[in-house]
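S.K.: generate coordinates for the sequence data below:
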Amino acid sequence: MAETAEPEDVSGEAMRDEVGVAPAARGDVPGTGPGRPGISPNEAMSSLLDTLRLGVIILDTRRRVMLWSATVEEILGWRAGRLVGKPVEAFLRPVDGMSPEEQADEIFDHLRRERRWRGVLRVHHADGRPVTVESRAFLLSDGATAPYVALSLADIGQLRAIDHDLAALHSLFGSSPLGIGLFDTELRYVRVNDALARLNGVPVEEHLGKTVHDLLPPGMAEEIAQVQKTVLHTGRSVIDLVTNAPDGVGARSVSYSRLADDFGNVLGLSCTVMDVSERRDALEKIEQARQRLALLDHVGVALGDFLDVRNIAQALATALVPRFCDYAGVMLVGNLAHGGDLPGRTPTSGTPLLQLGVAAKDRGPSVRRMLRIGQDIAFESGSYFGRTLATGAPHLITSQEELRESTYADDPKVIAALDLGIHSLMVVPLRARGIVLGLLVVSRAGESEPFDHDDLALAMELADRSGTSLDNARLYAREREGALMLQRTLLPQSVPSPPGVQVAYRYVPGSSGTEVGGDWFDVIPLAGGRVALVVGDVTGHGLRAAATMGRLRTAVRTLAALDLPPDELLRRVNDLADDLAPGPDDPVLATVVYAVYDPSTRRCHLAKAGHVPPLLLTPGPEGGWRSRVLDLPSGAPLGVDGVRFETAELDVEDGAVLVLYTDGLIENRGEDITDGIERLRDLLCARTPAPSLDDVCDAVVATRASSGARGSATCGPGGRDDPGRPGAPPSVPVDDAALLMAQLGGLPEGSAASWTFSAESYAVRRARSVVRDTLRTWDLNELVDSTELLVSELVTNSLRYAHGPIGVRMVRGGSLLVEVSDPLPDPPQPRTATEEDEGGRGIQMVAREARRWGTRHGPLGKTVWFEIPLPG
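M.R.: Predicted coordinates for the structure are as follows:
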């Protein structure tokens, strides 16, 4: 049976060569071959054969299948009973024009000549698909009987994978720049490549069979041996262990992993070694740079939380101790601490500085003598401190002797520094825009490493960044004060109290930037006791938004005097958007809600331009409120062309409250705006009985403040500014907000009267009569003659030009309002009448006798109105 030895020799050779290679098909570590403890050679061979799935078929000389192994069943899917007794060509497939019978003839002819055959066959799988296998065939004979044929089959895919693994292993060992070594379970070298031999300074041959104790320096060998034992025992790999090179020059990165076969038997260790001398040097430099960048970042974060000079100075000192130094002091020119202007030139050495920030690693009398908040300090011109202040050049002190010479003799601060053991100190200028604002003084004591020039460069970078932050804080304080002043002047200076309407309002500055935004409100008295209620929101923040808000508010007040319907007013304001914009590249974008309420009719007209919807509160059970959202046509924000505005008309229940507000009152980051509206509704209806409007406003503002906003509500220009610490940032930045609440009522009973007359000649006489009687009923006899005359003139004009029904309405409120309406849409045109003209003086007379007059358009025509002040 010597003929069957060829596949066994090949497999054995493959096992001996394939030490530590992971087969592609399984990803496990195969065995290394016979001779290792705990596993016999036969078991090792079986392990590889199981992996290869080697099947055996026994044929007789007539090519019939006699025996069929289980592995063949796994490869081809045929059970032995299906093919035993059938010729071998029954499971062969045609290939290269040869039929199965021709292939069988060729194989057996070769066996008769050579007694063995090898090749690749394509065979039928039981499911019909072709399978390619690598085969070996041998003649078997005991010399007395007819020979048999042993045919072995192996999946060619697995064989090719093993070939690739072996090729990769040989290539890795031969060409890898990394040192690679394999160890047995006794931690002896069994294979190394040339790269590892060069790194260790020992030829390849002298490695084999030896341990690291035989090749490496004792200290290094002991460390590596301990790592090897740990990895061998635990199976946990060690990756990138950095050690010194064997010759002490440079560094090595060593990695170890345990090798095991398919049965889990430990075969030994594998290791890779890499020269990382340059990497270690680079890492040391990188670590130093990382620490410096981390300090810069730490200081930046510490300073970024504040917009106040004093807080920034203290934050800088605190951030440096103990990460960079043991003691730190921050000193600024005195007027800068209070938001003053930058000096016109660099301060002289005698300029007093105010110490605003200190930090120390210890406490005690010496620390208090050297560092004290609020202390005024003046340095001599010849001292290191005075020269740095005058020239802006930093100075590094590296010894106590130099520290003694840094200022005048017996300086108590220097004595205190020496008592604290300070041996290294840096004086660095704090600069902004090329002007020295003050000094940063840092020092190290005791066993701390002295400062070097790299530390000085880092301190300069820190000081420059801090100087910029200090200057920004100074500018912020000035701009904030100016912005708050502008805000106060742009909000209503006084809010009227028209008859039948009670008003309460609040404005809350924003919590970011200069705390000024574009939110605003207004209450505008109109003719006849009517009132316009306005709330708007200009996008953006800062002075530009506030200025745009002022222009927009002025435009709305001006157009409101024309007594326009809400939709027409918004349309005209939108037409002015380009003129109201700060510049051609900064268009206006604002939302507005505009409401007009007439107490005499308890009717409210509203329109909005992209604004959040108003709320209407009506008296509820048990003295509380019920609320509903007024679903108005949305419109588009002002500044968007091509969108119509629509007016909604609403009959208001006596005592109802109209709530106008901006989105800053209700919005939270990450929350839908409707959630904020519902939260506001719940808050408005929560208290029973219903409190006063001012109490409700305070409750709404307090709830907003508790959700993250800083700053207090103001009741207009005379309200309080934020009393909190100006340098402290809010927990959650929020926009400014405006809230306007108006309780809508009616005029006293009998305060209004109206009539309609047909366009007949008697209309003038009838109008004069009813006006005279009504004024006497109201006890306004002093106004009878003048009012009767003006009504007569206006009714005459309507009768002459309109040719339609004429309406007359009088309302007694804070003044006497008289309205004359007719279907003619064109307003009357005042003209100058000559002595020969019989008419043309009516409008002139109205303008001369009334306190004010005007016209407005309605759905059925025009209305001319005038007001006469009440007696007394």
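S.K.: tell me the contacts of Arg474?
M.R.: Neighbour list for Arg474: 309, 336, 339-340, 342 [criterion: Cβ atoms under 8 Å, 6 or more residues apart in numbering]. Every residue, glycine included, has its C-beta placed from N, CA and C.
S.K.: cool, Glu646 as well?
M.R.: Counting by Cβ under 8 Å, 6+ apart, Glu646 has contacts 567, 607, 632-633, 635.
S.K.: switch the cut-off to 10 Å
M.R.: 566-567, 570, 606-608, 632-635 (Cβ atoms under 10 Å, 6 or more residues apart in numbering).
S.K.: likewise for Asp275?
M.R.: By Cβ under 10 Å, 6+ apart, Asp275 lies in contact with 177-179, 195, 198-199, 245, 250-253.
S.K.: how about JSON lines for those, with secondary structure and neighbour count added?
M.R.: Formatted as JSON lines, the contacts of Asp275 follow (DSSP: H, G, I helix; E, B strand; the rest coil; neighbours: other Cβ atoms under 10 Å):
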{"residue": "Pro177", "secondary structure": "coil", "neighbour count": "9"}
{"residue": "Leu178", "secondary structure": "coil", "neighbour count": "16"}
{"residue": "Gly179", "secondary structure": "strand", "neighbour count": "21"}
{"residue": "Ala195", "secondary structure": "helix", "neighbour count": "21"}
{"residue": "Arg198", "secondary structure": "helix", "neighbour count": "14"}
{"residue": "Leu199", "secondary structure": "helix", "neighbour count": "20"}
{"residue": "Ala245", "secondary structure": "coil", "neighbour count": "18"}
{"residue": "Gly250", "secondary structure": "coil", "neighbour count": "15"}
{"residue": "Ala251", "secondary structure": "strand", "neighbour count": "17"}
{"residue": "Arg252", "secondary structure": "strand", "neighbour count": "21"}
{"residue": "Ser253", "secondary structure": "strand", "neighbour count": "18"}
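S.K.: tell me the buried residues in stretch 133-143?
M.R.: Residues of stretch 133-143 classed as buried: 133-139 (neighbour count, 16 or more other Cβ atoms under 10 Å).
S.K.: which one of those residues is nearest Leu371?
M.R.: Of all the buried residues of stretch 133-143, Leu371 sits closest to Glu134, with 85.5 Å by Cβ to Cβ.
S.K.: next, the closest one: phi, psi?
M.R.: In this entry, Glu134 is assigned phi and psi values of phi -100, psi 130 (degrees, to the nearest 10).
S.K.: and Ala636, by the same measure?
M.R.: phi -120, psi 160.
S.K.: could you list the low-pLDDT ranges of the stretch 101-250 of the chain?
M.R.: 144-145 (pLDDT under 70).
S.K.: and the helices in it?
M.R.: 156-175, 194-200, 212-215, 218-234 (DSSP state H, counting those that start in this stretch).
S.K.: can you put the ones you listed in TSV and add distance to Leu533?
M.R.: Shown next, in TSV, are these (distance: least, Cβ to Cβ, whole Å):
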stretch	distance to Leu533
helix 156-175	83
helix 194-200	86
helix 212-215	90
helix 218-234	79
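S.K.: can you say which of these is packed in most?
M.R.: Per residue and on average, the most neighbours among the helices of the stretch 101-250 of the chain fall to helix 194-200, with a mean of 19 (mean count of other Cβ atoms under 10 Å).
S.K.: ok, and the closest non-adjacent residue to Glu206?
M.R.: Leu215 (7.6 Å; Cβ to Cβ, 6 or more residues apart in numbering).
S.K.: right, and the one you found touches Ala225 too?
M.R.: No - with contact defined as Cβ atoms under 10 Å, Leu215 does not reach Ala225; the gap is 11.3 Å.
S.K.: ok so, going back, which of the contacts of Glu646 count as buried?
M.R.: The buried subset of those (16+ other Cβ under 10 Å) comprises 566-567, 570, 606-608, 632, 634-635.
S.K.: what's the farthest-apart pair in those?
M.R.: Pro566 and Ser634 (13.7 Å).
S.K.: mind checking the end-to-end distance for stretch 429-443?
M.R.: 15 Å (Cα to Cα, to the nearest Å).
S.K.: off-centre distance for it?
M.R.: Stretch 429-443 has its C-alpha centroid displaced from the chain centroid by 33 Å (Cα atoms, centre = their mean, to the nearest Å).
S.K.: which parts of that stretch are buried?
M.R.: Using 16+ other Cβ under 10 Å as the test for burial, stretch 429-443 gives 429-432, 435-443.
S.K.: now that stretch: mean pLDDT?
M.R.: In this model, stretch 429-443 carries a mean pLDDT of 91.
S.K.: now do stretch 653-666
M.R.: Mean predicted lDDT for stretch 653-666 stands at 91.
S.K.: how far does that stretch stretch from start to finish?
M.R.: Stretch 653-666 has an end-to-end distance of 26 Å (Cα to Cα).
S.K.: with stretch 202-220 instead?
M.R.: 15 Å.
S.K.: from the chain's centroid, how far away is it?
M.R.: 57 Å.
S.K.: kindly report the same for stretch 620-627.
M.R.: 42 Å.
S.K.: closest to Leu475 out of the contacts of Arg474?
M.R.: For the contacts of Arg474, the closest approach to Leu475 (Cβ to Cβ) belongs to Gly339, at 8.6 Å.
S.K.: low-confidence stretches in this protein?
M.R.: Within the chain, the ranges that satisfy pLDDT under 70 run 1-52, 144-145, 338-339, 343-350, 511-516, 622-623, 687-690, 705-734, 830-841.
S.K.: give me the number of residues near Glu788?
M.R.: Using other Cβ atoms under 10 Å, Glu788 has 15 other residues around it.
S.K.: and it, which of the three is it?
M.R.: helix (DSSP: H, G, I helix; E, B strand; the rest coil).
S.K.: spit out the contact partners of it.
M.R.: Listed by Cβ under 10 Å, 6+ apart, the contact set of Glu788 reads 767-769, 771-772, 775.
S.K.: at 8 Å instead, please
M.R.: Residues in contact with Glu788 (Cβ under 8 Å, 6+ apart) are 768, 771-772, 775.
S.K.: next step: those restricted to strands.
M.R.: Members of the contacts of Glu788 lying in strands (criterion: DSSP state E): none.
S.K.: format those residues as CSV; extra columns: neighbour count.
M.R.: Converted to CSV, the contacts of Glu788 look like this (neighbours: other Cβ atoms under 10 Å):
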residue, neighbour count
Arg768, 18
Val771, 24
Arg772, 16
Leu775, 21
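S.K.: okay, and which of those residues map to helices?
M.R.: Of the contacts of Glu788, the ones assigned to helices by DSSP state H are 768, 771-772, 775.
S.K.: from the residues you listed, pick the one nearest Phe645.
M.R.: Distances from Phe645 to the ones in helices among the contacts of Glu788, taken by Cβ to Cβ, are shortest for Val771, at 36.4 Å.
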